[in-house]
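> Would you be able to build a 3D model of this:
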Amino acid sequence: MFLNKKKRQSHQDEVFYNVTVFTNDRTKEETYDEWMDVLMAAAENVGTGEWLEVDDYDTAELEIIKKRFPDVDQQQPFFFINKIDNVAVRQEIQQMESSQKWRKFFDRIPLTDYINAENRVVLNASHSLFCSNDLEEAARFLVYQEKTR
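Residues are numbered from 1 along each chain as shown. Reported below is the predicted structural model:
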């Protein structure tokens, strides 16, 4: 899994989205990079982008995606978009830190724990806004969201 953050000035009321590309083990990194370039160039509302293999994702979450988006073929690469809820991310991080008080006190909580806390929020299938196998459709969704805010 890789994280890419766009650098730009943001306003407090701006809404950003996490774009996750779910792939299989046959997808090359160059292909993923091309897809992310297309999605990040489509609109300036992409805050983070990730690449996950379907086999590494929680099966219960995949089942939620299947129920919410029955037309998506999970055997093929698909694009999953969620709103980044910064308040929920902060709450998840605070909960994680409170469960590791001594590690927090000594500044010993690994970065991966923070990333995992953020991912629990932004990869929550119950709150997903969009999911499709079509790259162009995902790009259009991001453009539409940017225009209607």
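> rest of the way, CA atoms for contacts and neighbours
OK.
> May I have the beta-bridge partners of the residue nearest the centre of the chain?
Nearest to the geometric centre of the chain sits residue 18, at 3.7 Å (CA atoms, centre = their mean). When bridges are called by DSSP bridges, residue 18 pairs up with residue 48, residue 82.
> how close does it sit to residue 100?
27 Å (CA to CA, to the nearest Å).
> now residue 51
Remark: distance between residue 51 and residue 100 (CA to CA) = 28 Å.
> Pick out whichever of these two has more residues nearby.
residue 51 (19 against 13; other CA atoms under 10 Å).
> just checking, that one is part of a helix?
No. Counting by DSSP: H, G, I helix; E, B strand; the rest coil, residue 51 falls outside a helix, being strand.
> isn't it right next to residue 33, touching?
No. At 9.3 Å, residue 51 and residue 33 do not qualify as touching, with contact defined as CA atoms under 8 Å.
> rewinding a little: now do the residue nearest to the centre of the chain against residue 120, distance only.
The value you get for residue 18 to residue 120, if CA to CA is used, is 12 Å.
> The chain: helices as residue ranges?
Under the criterion DSSP state H, helices of the chain are mapped to 29-42, 59-68, 86-99, 101-105, 111-122, 135-147.
> Out of the helices and strands in this protein, which is least certain?
Here the helix or strand of the chain ranked lowest by mean pLDDT, DSSP states H and E is strand 4-5, holding a mean of 54.
> Against residue 26, how distant is the residue nearest to the centre of the chain?
Taking CA to CA as the measure, residue 18 falls 23 Å from residue 26.
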